[in-house]
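Novice: Predicted model, plus sequence, below.
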Amino acid sequence: MVKQIGGIIGWVGTALVFGAVAIRFLRPEWMPYGTYMTWAGLLCILIYMVAQWRDVMSFYGTRQARYGTVSIVGILVAVGIFAAVNYLGSRQTKRWDLTENQAHSLSEQSIRILQGLDEPVHFTVYDQETSFDRFRNRLETYQYESNQVQVEYVDVDRQPARAKEAGITQYGTVVVTYRDREQRLTTSIEEQDVTNALIKLVSGAEQKVYFTVGHGERQTDSADRMGGYNAITEALGRDNFQVATLPLIQQGQVPEDATVVVVAGPGTDFLAPEIDALKRYLARGGKILALIDPPPPGGADLSNLISFLKEWSVEFGTDVVVDASGIGQLFGGDASVPVVLNYPSHAITDNFRVMTAFPHARSVQAAEGGTHTPQPLLETSQQSWAETDLKNFASGQVEFNEGADRRGPISLGVAVSAPATEAPPAPLGGNESPDAPKPESRIVVIGDSDFAGNNALGIQGNQDLFLNAVNWLAQQEDLIAIRPRDAQDRRITLTADAQQRILLLSLFVIPGLVFAGGVYSWWRRR
């Protein structure tokens, strides 16, 4: 009687276990009941084994039972290992990007911003469910780099009330929130767009960069390929900087909302009142980026501006830097385009592993015995020198003259900082953040303005160098990094003659060689 009852209980337990498995795959919403069924089934099977313990022991006394048990245990162990590996892999992911341009990885700038998040940033995607995958692939790369990134997907068709409450007017809108700030992406979900939104959220208020005008400086709204600066202006906007022009001679002072003042390649000298305005600006913790080109052959140099910068221990050479290494030929330049691959230690060029080039540059270095200590930023190769004969250089006759010229490496840029000597103006909102950095006067000087022009901005590191310098001046060191790269165009453009040669090679030459090899092999076997 006990055996019969135990047998019935065993069959009930087996049925419960199989029922729980069916619920797991057919009705996942009933899974809480399935869990209870699983435990109840296992308990019934255990009762059956206790009730039938003599039969169980006699069964396992046979050789076939022992071998079968070993096989079953081996299978269960293998399944357990496989399940454990999958469980760990779903929670501890590791990626390897083997593409040449790291197309499936985030840039250094994006990673640095994510690592600096001290609170969660929330991405809410409003679109149709069938379109979620195009957002998921991009946003998962951000989640991989930081556990502070939270992503939620809202089907606009199924949850119209929520979309209306959020003010969503078109499919594909991504709302990014951080603290009490919000940014919206509606046109693109590329890394540059997402990272720019994060920069604006993290940095808060938009910073303002003023470019001086009235001395033949570079024009921020010009699309001219040789002298325009509209491309770097757009890049500043992506880093949350607003750009404006500054006619110092008219205004008489630098506006209080100026984060950085850029002097980009002036052709004429600054007047004394303008120099005084820059001095007052620096005294209260101002920031200046000076891009000073070589003097024209036989022309006057910018004596007032150079004297002002010399007060900060910055010394200019009356020369043009020549690079005989031949690297400039890789992008269509010549010896007048020095290339920099050596970057002395500084926050601006930290982990800087890309090439920069400076069309028509002069030497800039720290003055000896000055009251400040500028740090070098850029140094040319040993195959370069500072050419002092500007007339011969203009005529194309370039050669190194011992005693007159200076051998490389040549410094092309320096950075200098000092505590502000006057109290800076109070912030516009009246409340200064307790985490705000102490005010400093900072200057970055580079002996060339062409490197940030439209024609040279495509060179690997030129844009990053300019933006890193501006961010360092703005005391935003956490935004100094290598920025996202555009995907490389790998299309091959063939001439008509090349296409014809490829056609003949693929249709006649290669098949002909294979046919000739076959005929030769047949002939030898005869």
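Specialist: Ah, there it is. Please read these numbers as outputs of a predicted model, since none were measured by experiment.
Novice: Secondary structure element holding Leu377?
Specialist: In the assignment (DSSP states H and E), Leu377 maps to strand 375-380.
Novice: Mind listing the strands the next helix or strand after that strand pairs with, and their directions?
Specialist: Next in sequence after strand 375-380, counting helices and strands by DSSP H and E, comes strand 384-387. If you go by DSSP bridges, strand 384-387 pairs up with strand 320-323 (antiparallel), strand 406-407 (antiparallel).
Novice: which one of those strands has the most crowded surroundings?
Specialist: Of all the strands paired with strand 384-387, strand 320-323 has the most neighbours on average by mean count of other C-beta atoms under 10 Å, namely a mean of 26. Heads up, the C-betas are built off the backbone N, CA and C, glycines and all.
Novice: Centre of the chain to that strand, how far?
Specialist: 31 Å (C-alpha atoms, centre = their mean, to the nearest Å).
Novice: Just the residues contacting that strand, thanks.
Specialist: Contact partners of strand 320-323, identified using C-beta atoms under 8 Å, 6 or more residues apart in numbering, comprise 294, 335-339, 358, 360-363, 380-381, 383-387, 390, 393, 398, 400, 408, 410, 412, 447.
Novice: now do stretch 211-227
Specialist: Residues from elsewhere that reach stretch 211-227 (C-beta under 8 Å, 6+ apart): 228-230, 233, 243-250, 261-270, 291, 449, 452-455.
Novice: Now a ChimeraX select for only the buried ones of those.
Specialist: Buried residues among the contacts of stretch 211-227 (16 or more other C-beta atoms under 10 Å), as a ChimeraX selection:
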select :228,229,230,233,243,246,248,261,262,263,264,265,266,269,270,291,449,452,453,454,455
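Novice: Among the contacts of stretch 211-227, which ones are in helices?
Specialist: Mapping these onto helices (DSSP state H) picks out 230, 233, 248-250.
Novice: And these, which two are furthest apart?
Specialist: Farthest apart among those by C-beta to C-beta are Asn230 and Ile249. That separation is 24.0 Å.
Novice: In helices only, show me the contacts of strand 320-323.
Specialist: Short answer: the contacts of strand 320-323 in helices (DSSP H) are 390, 393.
Novice: among the contacts of strand 320-323, which ones are buried?
Specialist: Neighbour-count burial (16+ other C-beta under 10 Å) is assigned, among those, to 294, 335-339, 358, 360-363, 380-381, 383-387, 390, 393, 398, 408, 410, 412, 447.
Novice: what's the longest strand in this structure?
Specialist: strand 411-419 (DSSP state E).
Novice: Other residues contacting it?
Specialist: Strand 411-419 is contacted from outside by 312-314, 321, 338, 340, 346, 348, 358, 361-366, 372-380, 438-448, 469, 472, using C-beta under 8 Å, 6+ apart.
Novice: let's go with 7 Å and repeat that
Specialist: 312-314, 321, 338, 340, 346, 348, 358, 361, 363-366, 372, 374-380, 440-448 (C-beta atoms under 7 Å, 6 or more residues apart in numbering).
Novice: chain center to that strand, what's the gap?
Specialist: 25 Å.
Novice: Repeat that for stretch 122-138.
Specialist: With C-alpha atoms, centre = their mean, you get 22 Å for stretch 122-138.
Novice: got it, and stretch 267-279?
Specialist: Here stretch 267-279 is found 37 Å from its chain centre; the criterion is C-alpha atoms, centre = their mean.
Novice: For Ser314, list each beta-bridge partner.
Specialist: For residue 314 the amino acid is Val, not Ser. Ala366.
Novice: how near is it to Arg134?
Specialist: For Val314, the distance to Arg134 equals 50 Å [C-beta to C-beta, to the nearest Å].
Novice: more neighbours, these two?
Specialist: Val314 (25 against 12; other C-beta atoms under 10 Å).
Novice: and that one, what does it touch?
Specialist: Applying C-beta under 7 Å, 6+ apart, we find Val314 in contact with 364, 367, 374, 414, 416, 445.
Novice: need the residues you listed in CSV with neighbour count, pLDDT and distance to Gln150, can you?
Specialist: Converted to CSV, the contacts of Val314 look like this (neighbours: other C-beta atoms under 10 Å; pLDDT from 0 to 100; distance: C-beta to C-beta, whole Å):
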residue, neighbour count, pLDDT, distance to Gln150
Val364, 26, 96, 47
Ala367, 18, 89, 52
Pro374, 24, 93, 44
Val414, 28, 96, 43
Val416, 19, 95, 42
Val445, 26, 97, 44
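Novice: Nearest to Gly286, out of these: which one, please.
Specialist: Relative to Gly286, and with distances defined as C-beta to C-beta, the nearest of those is Val416, at 12.8 Å.
Novice: on that earlier part again, tabulate the contacts of Val314 in TSV, adding columns for distance to Phe508.
Specialist: As requested, the contacts of Val314 are exported to TSV (distance: C-beta to C-beta, whole Å):
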residue	distance to Phe508
Val364	61
Ala367	71
Pro374	67
Val414	63
Val416	69
Val445	63
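Novice: Would you mind pulling up the elements that whatever helix or strand Ile23 lives in packs against?
Specialist: Taking DSSP H and E as the definition, one finds Ile23 inside helix 2-26. Judged by 3 or more C-beta pairs under 7 Å, 6 or more residues apart in numbering; DSSP states H and E, the packing partners of helix 2-26 are helix 31-51.
Novice: Please spell out which residues along the helix it packs on are buried.
Specialist: Buried positions in helix 31-51, judged by neighbour count with 16+ other C-beta under 10 Å: 34, 37-38, 40-41, 44-45, 47-48, 51.
Novice: Ok, stretch 124-132 next?
Specialist: Going by 16+ other C-beta under 10 Å, stretch 124-132 has these buried residues: 124-127, 132.
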